[in-house]
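[1] predicted structure and sequence below. I'll ask about it afterward.
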Amino acid sequence: MAKNTKNRKAALAKVDLNKEYSLGDAAGVVKEITFTKFDASVDIDVRLGVDPRKADQMVRGIVTLPHGTGKEVKVLVLCTPDKEQEAKDAGADYVGLDDYIAKIEKGWTDVDVIITMPAVMAKVGRLGRILGPRNLMPNPKSGTVTPEVGKAVKEVKAGKIDFKVDKTGIIHTSIGKVSFSPEMLAANAAEVIATLNKLKPSSAKGTYIRSVTLSSTMSPAVTVDKNSI
C-alpha cells in the first residue's frame with residue numbers, strides 16, 4: 001500500500017465524518033486529512049433553503065476574503081487604450097481589446113477573471129457563448145464591468161470572489177489553501193457565511209442556511225456545526 005494511502009487512512013480514522021465541528025475545528029480537520037503533494041484548495045459548500053428557479057431567490061454576491069484565496073489569479077482587462085496603463089499599473093496580467101477578443105473567439109480562455117468597462121461591453125457581449133459556460137463573462141453585479149478598471153483589478157488580486165447559488169441550492173466556493181492556518185480558513189469561511197446571511201431573500205421560507213461543509217480537493221467533506229457560526 002502506498003505510504004500516502006496509509007497516511008490518509010490513519011488520518012481518516014481520527015475523524016468522525018458524522019460529527020459536526022466548529023468552524024475553526026472543521027478547518028483544522030480538513031488540513032489533517034488532506035494528503036496531497038500540491039497545496040490543495042479548501043472549499044466551502046453551503047446548502048441554502050432557497051429555490052434558485054425563482055428569480056427572487058437567486059442568491060448571488062461578492063465577498064472579499066480577509067486572507068485572500070491563496071491562488072494566483074490571472075486577470076485580463078478588455079479596455080480602451082486610455083485605460084490600458086491604469087490596468088497594467090494595478091497588476092493586470094493581460095491588457096488590450098480587439099486582439100484579445102479575436103484570441104477568445106478562436107478559443108483562448110487561459111485566465112481566471114475578465115474585467116471590462118461599460119464603453120466596450122457591446123464588443124465583449126459577442127463572447128457570451130464562449131465565456132458564459134466558463135463563468136468568465138464580465139458582469140456589473142460582480143464588479144467586473146466598471147469604468148474603474150484599476151480598482152477592480154486590485155480587488156480581485158486581493159481576494160475578491162463572486163459566487164452564485166447553483167440549481168440545487170448550493171453555494172460552492174474556494175476559501176483558501178491547505179497551507180493556510182485553521183484560523184485563516186475559518187475567518188475566510190465566516191466572511192462568506194456573513195455575506196450569505198446579508199443576501200437572504202425575503203421570499204425564502206424556513207431554515208435559510210441548511211448545512212455547511214468544508215473540504216479540500218482531495219478530502220471528504222467535514223460538517224460544520226451551524227450553531228458555532
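    Arrived safely, thanks for sending.

[2] name the single longest helix found in this structure.
    helix 182-198 (DSSP state H).

[3] can you pull the pLDDT of Thr36?
    Thr36 carries a pLDDT value of 83.

[4] hmm, I was thinking of Arg126
    93.

[5] circling back: so for the longest helix of the chain, what's the average pLDDT?
    Averaging pLDDT along helix 182-198 gives 96.

[6] can you name every helix or strand that it contacts?
    The helices and strands touching helix 182-198, judged by 3 or more CB pairs under 8 Å, 6 or more residues apart in numbering; DSSP states H and E, are helix 23-32, strand 41-48, strand 60-64, strand 170-177, strand 209-216. C-beta coordinates here come from the backbone N, C-alpha and C atoms, glycine included.

[7] so which bits of that helix are buried?
    182, 184-193, 195-196 (16 or more other CB atoms under 10 Å).

[8] now render these as TSV, adding distance to Leu23.
    Below are these laid out as TSV (distance: CB to CB, whole Å):
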residue	distance to Leu23
Pro182	9
Met184	12
Leu185	8
Ala186	5
Ala187	9
Asn188	10
Ala189	6
Ala190	6
Glu191	11
Val192	11
Ile193	8
Thr195	15
Leu196	14
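
[9] and Val59, what does it touch?
    By CB atoms under 8 Å, 6 or more residues apart in numbering, the residues touching Val59 are 48, 50, 52, 164-165, 171, 196, 199-201.

[10] buried ones among those?
    48, 50, 52, 164-165, 171, 196, 199, 201.

[11] quick revisit: what's the closest of the contacts of Val59 to Gly128?
    Relative to Gly128, the closest of those is Lys164; by CB to CB it sits at 16.3 Å.

[12] is it true that that closest one touches Arg60?
    Yes: the pair Lys164 / Arg60 is scored as a contact, 3.9 Å apart, by CB atoms under 8 Å.

[13] can you tell me how far the spatially most central residue of the chain is from Asp112?
    Closest to where the C-alpha atoms of the chain average out (CA atoms, centre = their mean) is Thr173, at 4.0 Å. As judged by CB to CB, to the nearest Å, Thr173 and Asp112 stand 13 Å apart.

[14] one more: Ala55?
    On the measure of CB to CB, Ala55 and Asp112 end up 28 Å apart.

[15] more neighbours: those two, which one.
    Neighbours per residue (other CB atoms under 10 Å) separate Ala55 from Asp112, with Asp112 holding more: 16 against 8.

[16] who touches the worst-scoring helix or strand of the chain on mean pLDDT?
    One helix or strand of the chain scores below all others by mean pLDDT, DSSP states H and E: helix 3-13, with a mean of 70. Residues outside helix 3-13 that contact it (CB under 8 Å, 6+ apart) are 32-33, 35, 220.
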